[in-house]
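Student: Let's see this in three dimensions:
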Amino acid sequence: MPDGEKIYSFELSNEKGMKVQIINYGATVTSLQIPLENGKLVDVVLGFDNLDAYLQSYNLPSAPYFGTTVGRYAGRINKGIFTLNDKKFQLAGNNNGNTLHGGNIGFGKKVWFVTAFTQGKNPSITFSLLSENLDENFPGELHADLTYTLTEENELQLEYNATTTEDTVINLTHHSYFNLNGHDSTVLDQEMFVNSDKILETDDENIPSGKFTNLANHAFDFSSPKNCPAVIDNSFVVESKNEIAATLLSTKNNLQLNVYTDQPSVHVYVGGNCFDILKGKENAAYHPSSGICFETQNFPDAPNHAHFPNSVLKKGEQYHQKTVYQFQTINYKL
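Tutor: Predicted structure coming up:
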């Protein structure tokens, strides 16, 4: 880091050959290699080869947040303002005057600490972060833990826990850009399914209005699989907690990604342009359709909408959420 602090990279691997690499800068997934039927490994997430590129990426006109952990509040908060316990809080307006992904220095730009790990079958690693009171002007000292577990079923499980010293708002998510054909290609020839019949209605700055848009006969109705769109930045409402929330499908690699979450929304985003400034890992030239994000989370701007799911973490209570990215090889030749 610029101040001399060392950043470490950790690797989890299972007995089937799947590997994930995570750095403690932002608790960021830098590589996720999945074994294919032919025995080859495919790296299915976008990222960079070195720490400096991750640091520089936050100076781009629109930071891509490759593989990072987003907090204290993922998504947008209207005008950076919310009221809690009759007190008004003003956050940084880092996105057209609105707060995006936690403000100027969100959790993805912080150094996390490894506090636990397990080896053997289903290896895991836990990253922890202390976000001080009024960090980015959010109230309460927040203790956050994120445990990554790599199962023998080729699942990458993410389990988040957090506590606070004062009532606060919280919404954590993971921001990997997936591409089942490999991080150096396009997602436009991959199919997507989203288990949802409505999205959040938003204005031209992508701020929720508080209303919902029914997806019947809508371009973003992915209740039946169809090709990924070239541009999307929308929150899909997830009603069922035990079913697949979203799926990505590559017929080229006979590979399928299933997303499970206990959160009320999966925010789907295609973008992540590096503006031809930063090269991706392995000298890849990333473009707007290089990857797709499935950000499992609460609704954006929930603190400002009483009928949205609760976003307040009270002192003495525990925030918990779990997301699973499950990879399966599918045989289409049958």
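Student: And Leu188, how close does it get to Phe89?
Tutor: Per CB to CB, to the nearest Å, Leu188 is found 40 Å from Phe89. The C-beta positions use only the backbone N, C-alpha and C, and glycine is treated the same way.
Student: Looking at these two, which is more packed in?
Tutor: Using other CB atoms under 10 Å as the criterion, Leu188 and Phe89 rank with Phe89 on top: 18 against 13.
Student: right, and that one touches Asp135 too?
Tutor: No - under the criterion of CB atoms under 8 Å, Phe89 is not in contact with Asp135, lying 11.9 Å apart.
Student: Now do the strands in the stretch 1-150 of the chain.
Tutor: 9-13, 19-23, 28-35, 41-43, 69-70, 76-77, 81-84, 87-90, 99-100, 113-118, 124-131, 142-150 (DSSP state E, counting those that start in this stretch).
Student: so which of these is the most packed in?
Tutor: Counting by mean count of other CB atoms under 10 Å, strand 99-100 has the highest mean neighbour count of the strands of the stretch 1-150 of the chain, with a mean of 27.
Student: quick one: low-confidence parts of the protein?
Tutor: Applying pLDDT under 70 to the chain flags residues 332-334.
Student: Which stretches in it count as helices?
Tutor: Residue ranges of the helices in the chain, as given by DSSP state H, are 51-57.
Student: Adding distance to Ala284, write the strands of the stretch 1-150 of the chain out as JSON lines.
Tutor: JSON lines is the format used below for those (distance: least, CB to CB, whole Å):
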{"stretch": "strand 9-13", "distance to Ala284": "19"}
{"stretch": "strand 19-23", "distance to Ala284": "16"}
{"stretch": "strand 28-35", "distance to Ala284": "12"}
{"stretch": "strand 41-43", "distance to Ala284": "10"}
{"stretch": "strand 69-70", "distance to Ala284": "23"}
{"stretch": "strand 76-77", "distance to Ala284": "29"}
{"stretch": "strand 81-84", "distance to Ala284": "38"}
{"stretch": "strand 87-90", "distance to Ala284": "39"}
{"stretch": "strand 99-100", "distance to Ala284": "25"}
{"stretch": "strand 113-118", "distance to Ala284": "28"}
{"stretch": "strand 124-131", "distance to Ala284": "26"}
{"stretch": "strand 142-150", "distance to Ala284": "24"}
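Student: mind checking which of these is nearest Lys198?
Tutor: Nearest of the strands of the stretch 1-150 of the chain to Lys198, taken as CB to CB: strand 76-77 at 18.6 Å.
Student: any residues touching that closest one, and which ones?
Tutor: Residues outside strand 76-77 that contact it (CB atoms under 8 Å, 6 or more residues apart in numbering): 91, 95, 98-100, 205-207, 300-301, 303-304.
Student: try 10 Å
Tutor: Strand 76-77 has contacts (CB atoms under 10 Å, 6 or more residues apart in numbering) with 89, 91-93, 95-96, 98-103, 169, 171, 202, 205-208, 235, 300-304, 311.
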